[in-house]
Each structure stands twice: as structure tokens, then as C-alpha cells.
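Asker: One predicted model, sequence on top.
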Amino acid sequence: MVNHKEILRLKSLELAHQEIAASCGCGRNTVTRTLARAREQNLSWDMAKGMSPQQVTATLFPSEKATPVYKMPDYEWVHREMQKSGVTLSLLWVEYCEQCRQNGELPYKSTQFNKYYADYVHKTKATMHLEHRPGETMQVDWAGQTAGILDTDTGARLDAYLFVAVLPYSGYAYTEAFLDMKQESWIEAHVHAYRFFGGVTRILTPDNLKTGVIKNTRGETILNKTYQEMAEHYGTAIIPARPRSPKDKAFVEGSVGVVSTWILAALRNQ
């Protein structure tokens, strides 16, 4: 189920359509169509803010028809063809559209065709260059290894879990230890990271842990309610890393490695 209200909220933050689509777990065409309907209905975010997601959807699409079924391209074949001299994605998209017309099937637009190919390339672990802009994204995660803290009253060893946040453009990182990885600690860690960096990034990229993301599939992204409310409070958009895709948050993964070596391992005998 597309969250049309969230699309309007993220557009009010001036995010690009592709970023909104990634955050809401929908296609970029869906974002474009939703915003076009909002303009037709004169429905602004200020008006939609006090409405439920169901009311926003009913206002934008009062007689919504069944979602059209598009023909998914064979990206294994596309990838093989891309290795040939002179072959481009634009050429392959035109050929794909022609094949769909001959078979009476509905083709994807070129933007969606290219997006799904990029997803395929990531899954097959082909190398792609990622560009980052200053202050655009903050990647967050817990370090897999724990630190040991001695309780001076009981002498017992307590596990400390390290939260790590990093700004990909500069590699500037923030880390803090907590006695658990529960939701209160998760939210508090974000607040402290924003305070440390002196501002809030437009995009927040977490892993798919339950304190942040309830469900993250190709067709649907459901965020934890408290995490979603935190994003709305700070005016940021949450775009979770795809499941089993550490390259989506490569900088925080790298920072976790640095923390594990220069903090956890360095203090192993203390």
C-alpha cells in the first residue's frame, strides 16, 4: 500500500523523486503521479498534515483502479548485452518496449527500467560508483562487537553496544556506547549524533533492525512508528538500506570496522 501522505511530506522537504521513491518503497512514476494529483486537487502538505494516510489517498484517488501489471525485463540478458560494443541501456529499453508491444504487455518507463537494472547490478555485486554530497546523508548502525564495562558496585561485567553514525561525504563519524540496543537508546543515539554534527541531514540510512524498520521489501517499506515520528520531527527522510546490501551503507560499515579496531580491540585488556 503506497503511503501518499508520506510522499507529500517528503516532497515538502524538497527531496528528489528518486529519493522519495526509495524512502516510501514505491516507483518513481508513483511519486510523480501522486504529486501531479495533489496539484490537481490543490492538496498541499499543510492541508494533508492533519489527515490520516487513508484520507489523503481517498482525496487524491477517489476511484482508484487496479494497479497495472508491468512486464519485468530479463536483466540477466540485459547485463550480457551491455557487455557488447555500442550497446546502451537506451537501446535495450527501446527493444524491450517493442517486445512488450508485440506481446500485448505493458512496459516500464525508461527511468524505472534503469533503476531495476541498477538494483540487479548491485545484487550481482558489480562495481558501481556512488557520489555523495556534503550534509546529504547520515548512515547509522550498531557495531557488531560489544565493549565491556565493569560495574564498580557489583564487580560484574556489563556489555556496552556501540552506536555509529557517519557522514559519507567527509567520513566524519560519531560513536556512543549504550547498555542496550532498545528503541529508547536508538532514538537517543540519533539525537546525540545530530547534536554532535551540528545539524540534520536530509536523508537517514539505517540498517533493517526492528527498532527502525518493521518491513523493507521491493514493494513496501514500513518504518517503526517512533522512528517515523522522529524523522518527521527533524524534517528528514529515512531511506533504509536494502536487505543484505551492505554497500548501501558502506561508509558506516567501514566506520564500524575502524571502531572495532581502534576502540574495542584497543581496550580489550582494560
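Answerer: It's in.
Asker: average pLDDT for stretch 133-150?
Answerer: Average pLDDT, stretch 133-150: 85.
Asker: Lys11: neighbouring residues, count only.
Answerer: As a burial measure, Lys11 scores 18 neighbours (other Cβ atoms under 10 Å). C-betas here are computed from N, CA, C, even on glycine.
Asker: And the lowest mean pLDDT element among the helices and strands of the protein?
Answerer: Least confident element among the helices and strands of the chain, by mean pLDDT, DSSP states H and E: strand 213-216 (a mean of 66).
Asker: Pull the distance from stretch 256-270 to the chain's centre.
Answerer: 29 Å (Cα atoms, centre = their mean, to the nearest Å).
Asker: What average pLDDT does it get?
Answerer: On average, the pLDDT along stretch 256-270 is 73.
Asker: Start and end of that stretch, how far apart?
Answerer: This stretch, stretch 256-270, spans 20 Å end to end (Cα to Cα, to the nearest Å).
Asker: Give me the buried positions along that stretch.
Answerer: Within stretch 256-270, the residues scored as buried using 16 or more other Cβ atoms under 10 Å are 256, 259-260, 263-264.
Asker: center of the chain - which residue?
Answerer: Ile239 (1.9 Å; Cα atoms, centre = their mean).
Asker: would you list every one of the strands in the protein?
Answerer: Ranges of strands within the chain are 137-150, 157-167, 172-178, 203-205, 213-216, 221-223, 237-238, based on DSSP state E.
Asker: Compile those into CSV and extend it with columns for distance to Glu105.
Answerer: Shown next, in CSV, are those (distance: least, Cβ to Cβ, whole Å):
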stretch, distance to Glu105
strand 137-150, 37
strand 157-167, 43
strand 172-178, 48
strand 203-205, 35
strand 213-216, 28
strand 221-223, 27
strand 237-238, 33
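Asker: mind checking how far the residue nearest to Glu81 when sequence neighbours are not counted is from Thr175?
Answerer: Of all residues not flanking Glu81 in the chain, Val87 sits nearest, at 5.2 Å (Cβ to Cβ, 6 or more residues apart in numbering). Plainly put, Val87 is 46 Å away from Thr175 if you go by Cβ to Cβ, to the nearest Å.
Asker: quick one, which of these two is more surrounded?
Answerer: The neighbour count for Val87 versus Thr175, taken as other Cβ under 10 Å, is higher for Thr175 (18 against 14).
Asker: Go ahead and confirm that one touches Val259.
Answerer: Yes - counting by Cβ atoms under 8 Å, Val259 is a contact partner of Thr175 at 5.4 Å.
Asker: Now the common contact residues for these two.
Answerer: Common neighbours of Thr175 and Val259, using Cβ atoms under 8 Å, 6 or more residues apart in numbering, are 143, 162, 164.
Asker: Please name the bridge partners of the last one.
Answerer: Per DSSP bridges, the residues bridged to Val164 are Asp141, Thr175.
Asker: Quick one: low-confidence residue ranges for the stretch 1-150 of the chain.
Answerer: Along the stretch 1-150 of the chain, the model assigns pLDDT under 70 to residues 63-67, 85, 125-132.
Asker: So what's the residue count around Leu167?
Answerer: By other Cβ under 10 Å, 22 other residues sit near Leu167.
Asker: So it is in contact with Ala193, correct?
Answerer: No - with contact defined as Cβ under 8 Å, Leu167 does not count as touching Ala193 (9.7 Å).
Asker: Need the overlap of contacts for the two.
Answerer: Common neighbours of Leu167 and Ala193 (Cβ under 8 Å, 6+ apart) are Met138.
Asker: shouldn't Thr146 be in contact with Arg157?
Answerer: No - counting by Cβ under 8 Å, Thr146 does not reach Arg157; the two are 10.1 Å apart.
Asker: Look at those two and report which has more neighbours.
Answerer: It is Thr146, of Thr146 and Arg157, that has more neighbours when counted by other Cβ under 10 Å, with 15 against 10.
Asker: Now do the contacts for the nearest residue to that one once chain neighbours are set aside.
Answerer: Using Cβ to Cβ, 6+ apart and skipping the chain neighbours, the partner closest in space to Thr146 is Asp159 (4.4 Å). Counting by Cβ under 8 Å, 6+ apart, Asp159 makes contact with 146-149, 179.
Asker: Check the burial of the closest residue to Cys100 other than its chain neighbours by counting its neighbours.
Answerer: Among residues not flanking Cys100 along the chain, Pro107 sits closest, at 3.9 Å (Cβ to Cβ, 6+ apart). Pro107 sits with 19 neighbouring residues when counted by other Cβ under 10 Å.
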